[in-house]
Each structure stands twice: as C-alpha cells, then as structure tokens.
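A.B. asks: Kindly generate the corresponding structure for this input.
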Amino acid sequence: MLKTIPVIDVLNGVVVHAVRGQRERYAPLRSILCNSLEPLDVAKTFERLGFRELYMADLDAIMGRFRNLALYRRLRAELSLNFMVDAGIADVQSAGEVLNAGVSKIIIGTETLPDFGVVADSIRAFGEDRVLVSLDTRSGRVLSVSSEIRSMDPVEVARRLEGLGVGQVILLDLDRVGSECGVNLNLLRCVLAETSLEVLVGGGVRSIEDLEILRDLGVYGVLLATALHNGRVRVEDLKLKGLI
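C.D. replies: Okay, the predicted model is just below:
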C-alpha cells in the first residue's frame, strides 16, 4: 500500500514553499489547508486531516546554519503522528542529537553526506528502522559534498546504500520539487529493478493519477507538498483511494 506523506519545509523557523531547490527564492507557504506559517500549526493540520506520518526538511540545518531541535521536541510533545527529518546530518553525533530530540526517523541526505561511513555507522548505532537515506539529485546527477558520491550514477549509489544495510531510500529530484512537472519515472524504474529497497519519491507529483501510477509500480511512499497545498491533490480523494 502506497504511503502519502505530507512535507513541511522549514526555513528561518517558518514553513516555506520549496521550488526546484532554489532556496534563496523560497517564499512563505500559501496553502488552502492552513493559514499559518508556524511548523507546529501546519503539522497539526496534517494530523487532523488523517495523515499518520510527516516529512520535514530542516533547511536551516541543511544549509549549515542551525538545527531546530526545540521545534522537534515540540512536535514530539504535541503530535501523535510519526515524523522524519532531514536535518543536514553529516556525522553520527548529529544523528543522535536529532533522534534524542524526539524525531521518529532521521534522513541522511546525500547532499550533506561526506562519506558512506556515516550511513553505516548510523545504522549500527540506531538501527535500520530509524535511518533513511535521501538520494538527492539535480539534472540527473547525485548531489553531494563528497566528490566520490557525486561521481557515481544514482543507481550505483542506491546499490551501494543497500549493501550498507539501508532499507529505505528517498529519491528526491530537486529539479522537480514544487514544479508539478511529473516524477522522474526512468530513475525510479531503474532503482526498483536494480535493488530491493523500499523507495519513497519526492518531487514532481501533480495529480491523483500520478500517485496511482507510482502505487502500481510498487513505490513504498510519496512525499507531497505543492499539490496538496494548492488543491490539485485533494485529501478527500486520497481517502477515497485508500492512500491515507
């Protein structure tokens, strides 16, 4: 069963509308679902609508500024849903700090990953069920601070991650985030064919029909933001299709 997971992108402490990874241009969120820019209010809205899991991109952390640890603690204290966070993890100590703040699962993004050892060490320390890896791509290439990882084909990175014990990976196409231009099905099909990973998809979803295609391909989960907030994907339809 395909999971639909709403996204909250946090920058400067407020929720923003992420478009194509151009972070300097991100504007405050405008949504038909919630009038507030406060992350906790938006998260509570998603919980009230029936979602059971939440994805947060802590852009302040990913951009090397600071981690919103106090926000994670508030989310854990006031919500019953599970939430995963990409907090710019680059070492095991940071992963532990984020998990200790109440996060259900950490996301290690290749964008901030200095080497594969961080993934292996995090899985050993915290368990496979609490560690996901986001395979971040732009223009078809892996995005990473590591020259080794940058030089690899995305499918090759996925295979390497599986060999390290990763069970779930997010295919995050930054060119497609917020674009509603469709999902990168070519890369998705290759990763599904070449690995046994549970795959989540982020970037490009524009309709319920897109979600049905992904479900039929065997995708584990889909990250939703823009299409939810502008109403192209309606919560009522997700419920009718059994996607919540």
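A.B. asks: Around K241, how many other residues sit close by?
C.D. replies: Neighbour count for K241, taken as other CB atoms under 10 Å: 14. Bear in mind the C-beta positions are built from the backbone N, C-alpha and C, glycine included.
A.B. asks: If you could redo that for L59, that was the one I meant.
C.D. replies: For L59, using other CB under 10 Å, the count is 20.
A.B. asks: Please name the nearest non-neighbouring residue to it.
C.D. replies: Distances taken as CB to CB, 6 or more residues apart in numbering place L11 nearest to L59, at 4.2 Å, with adjacent residues excluded.
A.B. asks: in the sheet, who's paired with the one you found?
C.D. replies: Counting by DSSP bridges, L11 is bridged to V14.
A.B. asks: Quick check: it vs M56, distance?
C.D. replies: For L11, the distance to M56 (CB to CB, to the nearest Å) stands at 11 Å.
A.B. asks: ok, those two, which is more surrounded?
C.D. replies: Neighbour count, other CB under 10 Å: between L11 and M56, M56 has more, with 25 against 20.
A.B. asks: State whether that one is indeed within a strand.
C.D. replies: Yes: checked against DSSP: H, G, I helix; E, B strand; the rest coil, M56 lies within a strand.
A.B. asks: Show the contacting residues for it.
C.D. replies: 7-10, 39, 75, 83-86 (CB atoms under 8 Å, 6 or more residues apart in numbering).
A.B. asks: change it to 10 Å
C.D. replies: The contact partners of M56, by CB atoms under 10 Å, 6 or more residues apart in numbering, come to 6-10, 15, 39, 42-43, 68, 71-72, 75, 83-87, 103, 107.
A.B. asks: so I107 touches V119, yeah?
C.D. replies: No: using CB atoms under 10 Å, I107 is not in contact with V119, being 11.1 Å away.
A.B. asks: any residues in contact with both of these two?
C.D. replies: Listed as contacting both I107 and V119 by CB under 10 Å, 6+ apart are 89, 95, 131, 133.
A.B. asks: Same list (these) but as JSON lines, adding neighbour count, secondary structure and pLDDT.
C.D. replies: Formatted as JSON lines, those follow (neighbours: other CB atoms under 10 Å; DSSP: H, G, I helix; E, B strand; the rest coil; pLDDT from 0 to 100):
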{"residue": "I89", "neighbour count": "28", "secondary structure": "coil", "pLDDT": "97"}
{"residue": "A95", "neighbour count": "25", "secondary structure": "helix", "pLDDT": "98"}
{"residue": "V131", "neighbour count": "27", "secondary structure": "strand", "pLDDT": "98"}
{"residue": "V133", "neighbour count": "29", "secondary structure": "strand", "pLDDT": "99"}
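A.B. asks: if we can go back for a sec, ok, I107 and V119, which is more surrounded?
C.D. replies: Taking other CB under 10 Å, I107 and V119 do not tie; I107 has more neighbours (26 against 22).
A.B. asks: my guess is the more buried one is in a strand, correct?
C.D. replies: Yes: inclusion of I107 in a strand is indicated when three-state DSSP is applied.
A.B. asks: So in terms of bridging, what pairs with it?
C.D. replies: Bridge pairing for I107 (DSSP bridges) gives the partners D86, L132.
A.B. asks: what sits against it?
C.D. replies: By CB under 10 Å, 6+ apart, I107 lies in contact with 55-58, 84-89, 95, 98, 131-134, 168-170, 172, 200.
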